[in-house]
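>>> turn this into a model:
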Amino acid sequence: MISKKMRAMINSSSAIRAMFEEGKRMTALLGEDKVFDFSLGNPNIAPPPKVAEAIAKEVATDDAVFLHGYMSNAGYDDVRERIAAKLNADFGTGYRKEGVIMTVGAAGGLNVVLKALLDEGDEVIVLTPYFGEYRCYVSNFGGVLKEVATDADLMPDPDAIERAIGERTRAVIINTPNNPTGAVYGEKELRALAAALTRASARIGAPVYLISDEPYRELVYGGAVQPYVASFYPDTLTCYSYSKSLSLAGERIGYIAISPSARDYDDLCSACSVATRILGFVNAPSLMQRVVADCLDVKPDVEFYDRNRKAFQQVLDDAGLQYIEPRGAFYLFIKAPDGDEAKFCDAAKALGILIVPSSSFGVNGYARAAYCVSHDKIVRSKQAFAALAAQYK
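Prediction:
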């Protein structure tokens, strides 16, 4: 018999993954040309050539034991040093090797951080709409998820966040550029958030850590700029992934960067390193640690995603469907014409369109579509979206 907690998680399993599996089933049944799967943020673009070159270079090394064996739980020392140096050069920070923990993607990093921070019953604040897996990650360690709505522009509401912080609040998770909306938090918003967290930390007599989930950090469009979150608040732990920037989603490689100004810095570094081991990760994938260290100057193909973004927006405009215009990441948040996102997604599915209801992200009335797919798929979906919109006219 499985645990009650696990049974509840199965019953509320990720709608994103469920839709992805349904897409595979439908494609096998109906054919690739009749299914338009926009469910999963799985980049449909090859990794940059430098990645293949780095893999070839690393596997050709004479020291196979070194390449494929264990290392410190936090990762290879030289890889962590190079990542810290890169962050310092790019953002004027003061990271040290000890504060960089190599992780199994940003998701693994988030779980490591939450394991390090939470006691049973501690609270973690998330901003709606938010990546739905945060619910599971917080629950994994006995934490309590506390939702706070963003403002009308999908920006953090510092007053609402400050009011929500209590004696048991240990952290606030933010995600910018945002999944699912594509919102980008600017300098003004981040400074206001930092001020609110500083006041709240003083009020409760303990640090409220800011966990910045940043897999889309480089993916911004139309002149938008994503400031470096940790520059504004000293008690920040950054969780980064190369899944999107280098199209390495399945390789599961990322890092935690602990701000050197964070309170309890030494304890945080030790706790995250130990959590990596006791959660069963042991260490991040050895080969991919070395590969990403060789690719720190490689930029993602933002133009690929921007071209898709514009094409998808045109498809929706032609169909007469409303959406939130994204400034970053690679998702469109489409408004359900009658406000019923479940009905809207079911109607879309009947036409071969797979999108995810916004209830998975803590809000109602929308559906998320991932445009990190082939450009051709977006163009071919035009008639299906037109037929979907026609049902609401």
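>>> which other residues reach whatever helix or strand Arg163 lives in?
Arg163 belongs to helix 158-164 when assigned by DSSP states H and E. Helix 158-164 is contacted from outside by 125, 127, 146, 148-149, 172, 192-193, 195-197, 199-200, using CB atoms under 8 Å, 6 or more residues apart in numbering. Glycine gets a C-beta too; all of them are placed from N, C-alpha and C.
>>> in that helix, what counts as buried?
Residues of helix 158-164 classed as buried: 158, 161-162, 164 (neighbour count, 16 or more other CB atoms under 10 Å).
>>> quick revisit: let's see which of the contacts of helix 158-164 end up in strands.
125, 127, 146, 148-149, 172 (DSSP state E).
>>> one step back: filter the contacts of helix 158-164 down to the buried ones.
The buried subset of the contacts of helix 158-164 (16+ other CB under 10 Å) comprises 125, 127, 146, 148, 172, 192-193, 196-197, 200.
>>> before we move on, the earlier item: can you lay out the ones in strands among the contacts of helix 158-164 as JSON lines showing pLDDT and distance to Asp267?
Formatted as JSON lines, the ones in strands among the contacts of helix 158-164 follow (pLDDT from 0 to 100; distance: CB to CB, whole Å):
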{"residue": "Ile125", "pLDDT": "98", "distance to Asp267": "22"}
{"residue": "Leu127", "pLDDT": "98", "distance to Asp267": "27"}
{"residue": "Lys146", "pLDDT": "98", "distance to Asp267": "24"}
{"residue": "Val148", "pLDDT": "98", "distance to Asp267": "27"}
{"residue": "Ala149", "pLDDT": "98", "distance to Asp267": "33"}
{"residue": "Val172", "pLDDT": "98", "distance to Asp267": "19"}
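>>> please enumerate the strands of the stretch 251-393 of the chain.
Counting by DSSP state E, counting those that start in this stretch, the segments of the stretch 251-393 of the chain that form strands are 254-258, 323-324, 331-335, 353-354, 356-357, 366-370.
>>> just the C-alphas of the helix holding Arg163, formatted as PDB.
These are the backbone C-alpha positions of helix 158-164, laid out as PDB (Å, rounded to 0.1, in the frame of the first residue of the first chain):
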ATOM      1  CA  PRO A 158       5.000  44.000  -2.300                       C
ATOM      2  CA  ASP A 159       2.400  45.100   0.200                       C
ATOM      3  CA  ALA A 160       0.400  41.800  -0.200                       C
ATOM      4  CA  ILE A 161       3.600  39.800   0.200                       C
ATOM      5  CA  GLU A 162       4.600  41.700   3.300                       C
ATOM      6  CA  ARG A 163       1.200  41.200   4.800                       C
ATOM      7  CA  ALA A 164       1.300  37.400   4.100                       C
END
